[in-house]
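Asks: Could you look at this predicted model? Sequence included:
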Amino acid sequence: MLADPRLIVPLDVPTVEEARAMVAAIGDGASFYKVGLELFATGDGMVLARELKAQGKQVFLDWKLHDIGTTVQRAASVLADVGCDFLTVHAEPQVLAAAVRGKGRSNLKILGVTVLTSLNDADLIEMGFTETARALVERRIHHAIAAGADGVIASPHEAALARQIGGKDFLVVTPGVRPEWSAKNDQARAATPADALRAGASHIVCGRPITAANDPREAAQRVAAEMLGI
């Protein structure tokens, strides 16, 4: 079975060497990888990103940029020149607009982070928000569209909302995807790959069910099989 380009596998490991080993273990089971903050903190995250691009892989930089506009714009410009595919920023108007300016005419896609999938309504109340997770996601989807961003990160349970508001070409990337045969771990608002895609996700992020499996390649293919035909 060919890798499904809608499946993104996160390389949430502490070293580039472990990330390389994971990519090798998955082999042709996946073609799109997420490089997150853990590898970014090693200082070798961009080295890995360039290696993956040289291998013909797609790269999602999940760095959730959140800073003053000038800083975000410059960072997005640098990352656009590398040739990476997706970049996350927090879905606040100034941050989104700065990232969109920074990417310029490149193919880098800017995705706004709406509400982390580890958070529920009670968590948001504790943080001082008066909105439910769904209401906050909806507001931030509108912020992303107004800024000219390419899509959002939203839980599978808000994927339909993002698709409805954003339209058919809007990117809706859903973390917190867990096949029926796996544990939810720390994802409070998880769903299966099929559920997420039917709801409107354009891409899914599926981590530990694949990366913690005895056979990561087989696990990736098993997830791709659930996505087939949807």
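Replies: That came through, no problem.
Asks: Name the helix or strand of the protein that has the lowest mean pLDDT.
Replies: Sorted by mean pLDDT, DSSP states H and E, the helices and strands of the chain end with helix 37-42, the least confident at a mean of 89.
Asks: Would you mind writing the CA trace of it as PDB?
Replies: Presented in PDB, the C-alpha positions along helix 37-42 are these (Å, rounded to 0.1, in the frame of the first residue of the first chain):
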ATOM      1  CA  LEU A  37       9.400  21.700  19.500                       C
ATOM      2  CA  GLU A  38      11.400  18.800  21.000                       C
ATOM      3  CA  LEU A  39      13.600  18.500  18.000                       C
ATOM      4  CA  PHE A  40      13.600  22.200  17.500                       C
ATOM      5  CA  ALA A  41      15.100  22.600  21.000                       C
ATOM      6  CA  THR A  42      18.000  20.300  20.100                       C
END
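Asks: the longest strand in the protein is where?
Replies: For the chain, the strand reaching the highest residue count under DSSP state E is reported as strand 58-65.
Asks: Walk me through which strands that strand pairs with, and which way each runs.
Replies: When pairing is defined by DSSP bridges, strand 58-65 lines up against strand 32-35 (parallel), strand 86-90 (parallel).
Asks: Pick the most buried one from those strands.
Replies: For the strands paired with strand 58-65, the stretch with the most neighbours on average is strand 86-90, a mean of 24; neighbours defined as mean count of other Cβ atoms under 10 Å. Using the backbone N, CA and C atoms, a C-beta is placed for each residue, glycine as well.
Asks: Quick one: the helices in the protein, in order.
Replies: 16-26, 37-42, 45-54, 69-82, 93-103, 121-126, 133-147, 159-166, 193-199, 208-211, 216-227 (DSSP state H).
Asks: Now mean neighbour count and distance to Ala3 too, for these, in CSV please.
Replies: CSV is the format used below for the helices of the chain (neighbours: other Cβ atoms under 10 Å; distance: least, Cβ to Cβ, whole Å):
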stretch, mean neighbour count, distance to Ala3
helix 16-26, 17, 9
helix 37-42, 16, 21
helix 45-54, 17, 13
helix 69-82, 17, 22
helix 93-103, 22, 26
helix 121-126, 13, 34
helix 133-147, 20, 28
helix 159-166, 20, 21
helix 193-199, 22, 14
helix 208-211, 21, 12
helix 216-227, 20, 7
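Asks: Make a markdown table from those and add distance to Gly176 to it.
Replies: Formatted as a markdown table, the entries for those read as follows, by distance: least, Cβ to Cβ, whole Å:
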| stretch | distance to Gly176 |
| --- | --- |
| helix 16-26 | 20 |
| helix 37-42 | 17 |
| helix 45-54 | 22 |
| helix 69-82 | 24 |
| helix 93-103 | 22 |
| helix 121-126 | 14 |
| helix 133-147 | 12 |
| helix 159-166 | 10 |
| helix 193-199 | 8 |
| helix 208-211 | 11 |
| helix 216-227 | 14 |
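Asks: Compare these and give me the one nearest Ser182.
Replies: helix 208-211 (3.8 Å; Cβ to Cβ).
Asks: Just want the most central residue of this protein.
Replies: Nearest to the geometric centre of the chain sits Val173, at 5.4 Å (Cα atoms, centre = their mean).
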